[in-house]
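[1] Output the structure for:
(2 chains)
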Amino acid sequence: MIATLKNTWEWLLDQSWLLPLLLVIGFVLAFAIPEYNLLNKYVQLVLMYVGINIILAVSLNLVNGYMGEFSLAHAGFMAVGAYTAALLTMRVLPVAAYPGLFPLAVLAGGLAAAVLGLIVAIPSFKVRGDYLAIITLAFLMIVKSVIENIDVIGGPRGIPGIKRLTTMPWVFFWVVVCVWMVRNFVYSKYGRGVLSIREDEIASDLMSVNTRRVKFLAFMTSSFFAGIAGGLFAHLLQFISPRVFDIIKTTDILIMVYLGGIASIGGSILGATLYTVLLEILRPSTVAGMLSWLPAIVFDPLNEYFIRHLGVWRMVIMPLLLVLVMLYWPRGIMGLREYRGFIPRRDREAQHRLKKSEKQEMP
Amino acid sequence: MNDGIVYWLQQILNALQLGSIYALIALGYTMVYGILTMINFAHGDVFMIGAFFCFLAATALGLPFVPTLLLTMLGTALLGVVIERLAYKPLRQAPRVSAVITALGIGLFLENFTLALAPYPKHIPPLLESVTWNLGGVSVSSLQVIIIFLSLGLMLVLDYVVHRTPVGMAMRAISWDKTFVPLMGIPADLIISVTFAIGAGLAGAAGTMYGLAYPVIDPYMGIMVGWKAFISAVVGGIGNIRGAMIGAFILGGVEIMVTAFFPSTYRDFVAFSLLLVLIVIRPYGILGQPRTQKV
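    The predicted structure is shown next:
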């Protein structure tokens, strides 16, 4: 029975129509769920955060996972995208009259972040490893500090009252675009360059990989999608301030990437989903709701001593989880492995041939 | 005395006070980096825990200054060793990034754990009677004098330990070569633990002094101060103990000067820009040696 199920599952994963089918179902659901309220508002909100976090994790994985650098600046790029998009929709573009302008604002946020990504890419030509991590960190702090010091955009108080323009179809659309672009980038010629930089930068330079161009492209793509995620995030949360985008936000994204596994798009999707959902499940109200079927004599003390305090303690549990993952599962859930549907056919066939020849060589 | 000179002397005094606190924390960063080539991102939070230990010792136990300081240093030293044994030691053979992420996780854990136990900012009682002297217009508080001289004393002791004792020699040997030095009979694990203990103990001392100088403490205070100390270590040349001290006083001076002439919100901006410029033009710091990479 289990063998048949497994065979069916394997067969299903190999089908080329699976991904387009999932895409169509996803788009239909993305339109249908908010339209007909198939899920309650809270679950819808969580789903949208899951989508935004997937964009963040997949794009950060490009630099931290595939290229093997350690960037801490992702929240900074996100901040740039969020502020650009929010200021555009609030002060420049007449979104109230033409809601169709919202994607333009998000796109502009992504482009602004991409330009800054280029600037961060320049020091990465000379500096690697710890020092690059420090540079990206300094960049994050400088972005935060600059925003705090510009009074026109709210300074440390931030921007309240952003219109809620992020909808589920838009989130789904950008998730698809992000996954599609990062996947195509990774399996392109430049993607090979990215991987070769991770393995050995000097050797790949000698093998005539244009490491500068590869780094430019990788940083730019990564920060572009961080900016997109920031724009979506701002129009979902409806309030942004420099404090929202500090080092803790970056750590969140890092947890998603390394929990899911480096150099794996499927892993990042899984990591972002797990992390976001886990954080939501650990909310006191959710846990209380899930356990409310218990008799009062069990539930009440549990609530009194445990559930009520989860609001704070879940923030203690999550970093501990990260440490445990790193200690006992250093590659994450899908580290260096990939969901089959994302691997191009030629690569899969090559892998297949390799496995076959290995089998034949065995006596 | 001339008003201008008085003003400058006052600022230099403030810079010395801030710089000596940064220096004590920076030493922990630089020692761990020197021996393990690992950035211990949790170090700033060990400093924060130090301030909270100081609060506990001063309020719950009601101890005076010297026992509080010693108890805090002992507590944070133990904490440093425990963190090293549980979180970093198993990862010594793993990719370097794993240890850095673990350190970030430990730092976040310490912050949120403290927040869960102490949700509101705490106020450290004045452990020392503060006397303010007026030296020709410059007001000098006894607290400032104690902070500056105690830090300098601790730094001199550390410098002596590292450069003149067998333990210090073992530390320098391990930071020089991790493969063959243990073969010479040097207990590498023990020496690494001692390094963490000393670094964390100094951070505990810094936490105590910071708590006396700026008595309101909260669980997130370690982030910024920790990063500043880290910048100091990089400015001086990370891995170099004397460099860390010099870097800390430079950064303290720069920060005090920025707040003296610009709005105080520019302080972080200038500090991190300084870091950025320095890394691009002199990545090995003021006293560090450039490392060549062999292919």
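[2] Can you name the residues of the stretch 1-150 of chain B that neighbour chain A?
    Residues of the stretch 1-150 of chain B lying close to chain A by CB under 8 Å from any CB of the partner chain are B:37, B:39, B:87, B:90-91, B:94-98, B:100-102, B:104-109, B:112-113, B:115-116, B:119. Using the backbone N, CA and C atoms, a C-beta is placed for each residue, glycine as well.
[3] can we see that at 10 Å?
    Contact residues, the stretch 1-150 of chain B versus chain A (CB under 10 Å from any CB of the partner chain): B:33, B:37-39, B:41, B:83, B:86-88, B:90-91, B:94-117, B:119.
[4] now the residues you listed: which count as buried?
    Buried subset of the residues of the stretch 1-150 of chain B next to chain A (neighbour count, 16 or more other CB atoms under 10 Å in any protein chain shown): B:33, B:38-39, B:41, B:83, B:87-88, B:90-91, B:96-116.
[5] element containing the closest residue to B:Leu71 other than its chain neighbours?
    Using CB to CB, 6 or more residues apart in numbering or on different chains and skipping residues adjacent in sequence, the residue nearest B:Leu71 is B:Ala57, 4.9 Å away. Assigned by DSSP states H and E, B:Ala57 belongs to helix B:43-59.
[6] contacting residues around A:Arg337?
    Applying CB atoms under 10 Å, 6 or more residues apart in numbering or on different chains, one finds that A:Arg337 lies in contact with A:261, A:263-264, A:266-267, A:331, A:343.
[7] swap in B:Gly107?
    Counting by CB under 10 Å, 6+ apart, B:Gly107 touches A:247, A:251, A:319, B:40-46, B:48, B:83, B:222-223, B:226.
[8] how many neighbours does A:Gly335 have?
    Around A:Gly335 there are 17 other residues, counting by other CB atoms under 10 Å in any protein chain shown.
[9] Quick check: buried residues in the longest helix seen in chain A?
    The longest helix of chain A (DSSP state H) is helix A:211-237. For helix A:211-237, the neighbour count (16+ other CB under 10 Å) marks A:211, A:214-237 as buried.
[10] per-residue confidence for A:Met362?
    We have a pLDDT of 56 for A:Met362.
[11] ah, wrong one, I meant B:Pro166
    92.
[12] A:Leu88 now?
    Predicted confidence (pLDDT) for A:Leu88: 92.
[13] Check B:Thr292 too.
    64.
[14] Can you check what angle separates the helix or strand hosting A:Met256 from helix A:211-237?
    Element membership for A:Met256 (DSSP H and E) is helix A:247-260. Interaxial angle, helix A:247-260 versus helix A:211-237 (axes from the mean of the first three to the mean of the last three CA atoms, to 10 degrees): 110 degrees.
[15] Helix A:247-260 and chain B in contact?
    Yes. With CB under 10 Å from any CB as the measure, helix A:247-260 is seen reaching chain B through A:247-248, A:250-252, A:254-255, A:257-258.
[16] Just the buried ones from these?
    With burial judged by 16+ other CB under 10 Å, the buried subset of these is A:247-248, A:250-252, A:254-255, A:257-258.
[17] ok, so of the residues you listed, who is nearest A:His74?
    Nearest to A:His74, judged by CB to CB, of those is A:Thr250 at 5.4 Å.
[18] Pretty sure that closest one sits against A:Val244.
    No. In this structure A:Thr250 lies outside contact range of A:Val244 using CB atoms under 10 Å: 11.7 Å.
[19] Now the closest residue to A:Pro169 other than its chain neighbours: which helix or strand?
    In space, and not counting its chain neighbours, A:Pro169 is closest to A:Ala30: 4.5 Å by CB to CB, 6+ apart. Here A:Ala30, judged by DSSP H and E, is contained in helix A:18-36.
[20] Would you mark the buried spots in that helix?
    By neighbour count on 16+ other CB under 10 Å, the buried set for helix A:18-36 is A:29-30, A:33-34.
[21] hmm, back to that, determine the residues that are contacts of both of A:Thr250 and A:Val244.
    Both A:Thr250 and A:Val244 are in contact with A:75, A:78, where contact means CB under 10 Å, 6+ apart.
[22] Can you pull the poorly scored residue ranges out of the stretch 51-200 of chain B?
    Within the stretch 51-200 of chain B, no stretch has pLDDT under 70.
[23] all strands for it, in order.
    B:122-123, B:132-135, B:138-141 (DSSP state E, counting those that start in this stretch).
[24] Same check on the stretch 151-300 of chain A?
    For the stretch 151-300 of chain A, the strands defined by DSSP E, counting those that start in this stretch cover A:159-160, A:239-240.
[25] For the last one, name the packing helices and strands.
    If contacts are counted by 3 or more CB pairs under 10 Å, 6 or more residues apart in numbering or on different chains; DSSP states H and E, strand A:239-240 sits against helix A:74-87, strand A:159-160, helix A:211-237.
[26] ok, now with 8 Å
    Where contact means 3 or more CB pairs under 8 Å, 6 or more residues apart in numbering or on different chains; DSSP states H and E, strand A:239-240 is packed against helix A:74-87, strand A:159-160.
[27] re the thing from before, reformat the buried ones among the residues of helix A:247-260 next to chain B as CSV; add pLDDT and distance to A:Arg198.
    Listed next are those as CSV, based on pLDDT from 0 to 100; distance: CB to CB, whole Å:
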residue, pLDDT, distance to A:Arg198
A:Ile247, 82, 24
A:Ile248, 82, 27
A:Thr250, 89, 20
A:Thr251, 84, 22
A:Asp252, 87, 23
A:Leu254, 88, 17
A:Ile255, 85, 21
A:Val257, 90, 14
A:Tyr258, 87, 15
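[28] tell me which residues of stretch A:328-348 are tucked away?
    Those would be A:330-335, A:338-339, A:341-343, for stretch A:328-348 by 16+ other CB under 10 Å.
[29] what's the nearest residue to B:Met245 if we skip its chain neighbours?
    B:Ala23 (4.8 Å).
[30] The one you found sits in which helix or strand?
    When elements are assigned from DSSP H and E, B:Ala23 belongs to helix B:3-36.
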